[in-house]
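*Asks:* Give me the fold of what follows.
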Amino acid sequence: MAKKESPGNVEELEREYTIPLRASRHQPSRRRRAGHALLTIQRFVVRHMKGKPENVWIDPRLNEEIWERGAQSIPSKVRVKAIRFEDGLIEVDLLETE
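*Replies:* Alright, predicted model coming up:
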């Protein structure tokens, strides 16, 4: 019987996501919204890219986009590009809009 190729054997996987952050506006206190949004992004990427939380690297530009209007006023959604490398590292970048 032939072996089936699992998604974990893929050398490099690149995807674009629109991550909703509306729940991060209501769950935490006002001063913790930006930090909660970053955790939401990390959890979303781990779930959809089949990785581990310690292997997620968030680009500083994405961090600045979340914190741009302060800790209390975060964006309602953010478009990102996620790349999973063969060693398991997942890099999350802000998607360039033209």
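*Asks:* what packs against the lengthiest helix in the chain?
*Replies:* Identified as the longest helix of the chain according to DSSP state H is helix 33-49. With contacts taken as 3 or more Cβ pairs under 8 Å, 6 or more residues apart in numbering; DSSP states H and E, helix 33-49 sits against strand 13-20, helix 23-26, strand 56-58, helix 60-67, strand 77-84, strand 90-94. C-beta here means a position set from N, CA and C on the backbone, and glycine is covered the same way.
*Asks:* now with 6 Å?
*Replies:* helix 23-26, helix 60-67, strand 77-84, strand 90-94 (3 or more Cβ pairs under 6 Å, 6 or more residues apart in numbering; DSSP states H and E).
*Asks:* Contacts for the first one next, please.
*Replies:* With contacts defined as Cβ atoms under 6 Å, 6 or more residues apart in numbering, helix 23-26 is touched by Arg33, His36, Ala37, Thr40.
*Asks:* cool, stretch 70-81 as well?
*Replies:* So stretch 70-81 is contacted by 16-22, 30-31, 33-34, 37, 66, 92-93, 95 (Cβ under 6 Å, 6+ apart).
*Asks:* Generate a PyMOL selection restricted to the buried subset of those.
*Replies:* To isolate the buried ones among these in PyMOL, judged by 16 or more other Cβ atoms under 10 Å, type:
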select buried, resi 17+19+21+33+34+37+66+92+93
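*Asks:* Go through the helix or strand of the chain with the lowest mean pLDDT and flag the buried ones.
*Replies:* Least confident helix or strand, the chain: helix 23-26 with a mean of 89, by mean pLDDT, DSSP states H and E. Buried residues in helix 23-26, counted by 16+ other Cβ under 10 Å: Ser24, Arg25.
*Asks:* Disregarding residues adjacent in the polypeptide, which is nearest to Gln27?
*Replies:* His36 (6.5 Å; Cβ to Cβ, 6 or more residues apart in numbering).
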